[in-house]
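J.: Provided below for reference: sequence and predicted model.
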Amino acid sequence: PDQGDAPDVVRREALVWVGSRPALEFYDFGDTVPLALAASNAIDHKGACEAMARAGLRYKIAYASNSLAGLIAVARSGLAISVMAEEAVPPDLHILGAPLPALPGLGILVV
């Protein structure tokens, strides 16, 4: 397409791992990390699975929901960790870091 038809990125958002506890070592997940993710065709789902695979971490999709409220509820329960835009993380959830891998960012487009 010519430049006039190209979408413009108006904002960038960081994707982050979130959970009810402040660090992954406070969970009793064993050697497989349960994830609560959106549908398999969603960018956050793909990014999380690809990042876990690249890092060599075992995971399973324990919960799937296209509802942000549903993903937040599962993360709050402590049964799984989730991925969401940093701006969407409720104050009662924790952003998790290492040993979890970095996630891709999101570009918000105007088309």
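T.: Structure received. Residues are numbered from 1 along each chain as shown.
J.: drop to CA atoms for contacts and neighbour counts, all remaining ones
T.: Noted.
J.: Regarding this protein, what is its longest strand?
T.: The single longest strand within the chain, with elements called by DSSP state E, is strand 8-19.
J.: For it, name the packing helices and strands.
T.: If you count contacts as 3 or more C-alpha pairs under 8 Å, 6 or more residues apart in numbering; DSSP states H and E, strand 8-19 packs onto helix 68-77, strand 81-85, strand 94-96, strand 105-110.
J.: Could you say which one of the ones you listed comes nearest to F29?
T.: Relative to F29, the nearest member of the helices and strands packed on strand 8-19 by C-alpha to C-alpha is strand 81-85, separated by 10.2 Å.
J.: Okay, now the sheet partners of that closest one, with direction.
T.: Using DSSP bridges, the strands paired with strand 81-85 are strand 8-19 (antiparallel), strand 33-37 (parallel).
J.: Out of those strands, which is the most enclosed?
T.: Of all those, strand 33-37 has the most neighbours on average by mean count of other C-alpha atoms under 10 Å, namely a mean of 24.
J.: Past that strand, which element shows up next along the chain?
T.: On the C-terminal side of strand 33-37, the closest following helix or strand by DSSP states H and E is helix 43-55.
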